[in-house]
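In: could you look at this predicted model? Sequence included:
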Amino acid sequence: MPAKPAKTDSRSPATRALMELRFPSESKYLHMVHELTRLLAESTGFDAAEAERIALAVDEATTNVVQHAYRGEAGREIEVHFDPEGDSLDIVILHEGEPLQEVPVPDFDLDKLVAEQKTGGLGLTIMRQMMDRIEHTKAGTGKNMCVMVRYKHRNEKQT
């Protein structure tokens, strides 16, 4: 019996992610995304602490999609594309919810926020501290897209 031809992807190899994850917009899946991101980062050369920081940034971004872009509406799809090839780990989060805007985040005193037990509103700040580049834009498919890049050697950080 002849072998079945391999599935083809309409995207060019240059734009195809090495790994893609699709999951429903429900908070119960966020831990899985966090752990997968952490393990993938570790397996591609980041030490455990760096991998945890990357996973935290992706956790914050996907939480923003669930809570803000989809406003808690369960069952909508979120895609996370990982490309660890080359000098960086590139992560793209795609969704069809409301666009998430990058907003200027003022400097803050973390100790004061902890003392006042403030919560929320720090996701973008955390993401910016953990990653080397973050960009919110539209994908060619019309989906909203958050591109996150972490260089394997931080001194290669580019803006």
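Out: Alright, I've got the coordinates.

In: just the pLDDT for the spatially most central residue of the chain.
Out: Geometric centre of the chain, nearest residue: Val58, 3.7 Å, by CA atoms, centre = their mean. pLDDT for Val58: 95.

In: Met131 now?
Out: Met131 is given a pLDDT of 94.

In: ok, now how distant is it from Leu94?
Out: 17 Å (CB to CB, to the nearest Å). Using the backbone N, CA and C atoms, a C-beta is placed for each residue, glycine as well.

In: repeat for Pro84
Out: 18 Å.

In: go on, Met148?
Out: Distance from Met148 to Leu94, by CB to CB: 12 Å.

In: element containing Ile93?
Out: strand 88-95 (DSSP states H and E).

In: check Thr63 too.
Out: Using DSSP H and E, the element containing Thr63 is helix 48-64.

In: neighbouring strands of the next helix-or-strand element following that helix in the sheet, and parallel or not?
Out: Next helix or strand after helix 48-64 toward the C-terminus (DSSP H and E): strand 77-83. According to DSSP bridges, strand 77-83 forms sheet pairs with strand 19-24 (antiparallel), strand 88-95 (antiparallel).

In: burial of Ile93, as a residue count?
Out: Using other CB atoms under 10 Å, Ile93 is surrounded by 24 other residues.

In: these two touch, right, it and Ala139?
Out: No: using CB atoms under 8 Å, Ile93 is not in contact with Ala139; the gap is 10.3 Å.

In: name the residues contacting each of these two.
Out: Contact with both Ile93 and Ala139 is made by residues Met145, according to CB atoms under 8 Å, 6 or more residues apart in numbering.

In: who's more crowded, Met148 and Leu94?
Out: Set side by side, Met148 and Leu94 show more neighbours around Met148, with 25 against 19, by other CB under 10 Å.

In: with that, I have no additional questions.
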